[in-house]
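# here's a sequence, model it:
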Amino acid sequence: MKYTALFLLFAIVSCDIYTEPRNNPLHLNHSVGFSVNVITPVTAKQVLSNGYKLHLASLDTRQTNAITIQLLETSPFNSQGEKKIDGVIYTFYSDTYESATGGMEYTYKIWKPLGGLGGICLEHYAQSDLSVSEGLLWDIAKTAQSTQ
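Numbers count the residues shown, from 1 in each chain. Below you'll find the model as predicted:
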């Protein structure tokens with residue numbers, strides 16, 4: 001009996017708490033010349049002419065929680081800071097503001113240069129009580145690479 005309880009405790013502790021395992025990311029390879037890996041459950045994916053829009057919340061709700069990943073010639077935002085990772089200098093921007101309907105809106109953006117292609121702009125936008133995950137966006141940004 002004592003060993004059975006110990007075995008059950010070990011089995012519970014070793015369970016993976018992610019709905020999508022971290023070792024099985026969603027690999028996105030866009031025809032404009034870049035790829036990224038996404039390590040979070042996505043409820044819907046829109047293919048844009050220069051990237052993707054990934055919805056993290058249910059589409060039947062008014063609250064938006066989405067990540068946009070786009071290949072652009074230059075950074076579309078004024079940087080609030082820099083971060084050097086593996087020799088690459090990333091720039092980032094964040095903003096929190098009250099929307100017209102009274103709820104809070106959150107934006108976090110990262111720019112990763114990709115040599116002659118320009119760079120990848122990643123933006124996580126969320127409304128109301130859904131705050132953005134800076135760590136998630138950094139995880140995706142680090143995987144962005146040129147496929148040309």
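
# contacts and neighbour counts: CA atoms only from here.
OK.

# pLDDT below threshold where in this protein?
For the chain, applying pLDDT under 70 flags the ranges 1-24, 62, 101-102, 128-132.

# may I have the phi/psi pair for the spatially closest residue to Pro25 that is not a sequence neighbour?
Spatial nearest neighbour of Pro25, excluding adjacent residues (C-alpha to C-alpha, 6 or more residues apart in numbering): Ile39 at 4.7 Å. According to degrees, to the nearest 10, the main-chain angles of Ile39 amount to phi -110, psi 40.

# pairing partners for the helix or strand in which Ala126 is found, with directions?
According to DSSP states H and E, Ala126 maps onto strand 119-127. Strand partners for strand 119-127, identified by DSSP bridges, are recorded as strand 65-72 (antiparallel), strand 104-113 (antiparallel).

# Leu59 is nearest to which of those?
strand 65-72 (9.4 Å; C-alpha to C-alpha).

# buried set for that closest one?
The neighbour-count check on strand 65-72 (16 or more other C-alpha atoms under 10 Å) flags Asn65, Ala66, Ile67, Thr68, Ile69, Gln70, Leu71, Leu72 as buried.
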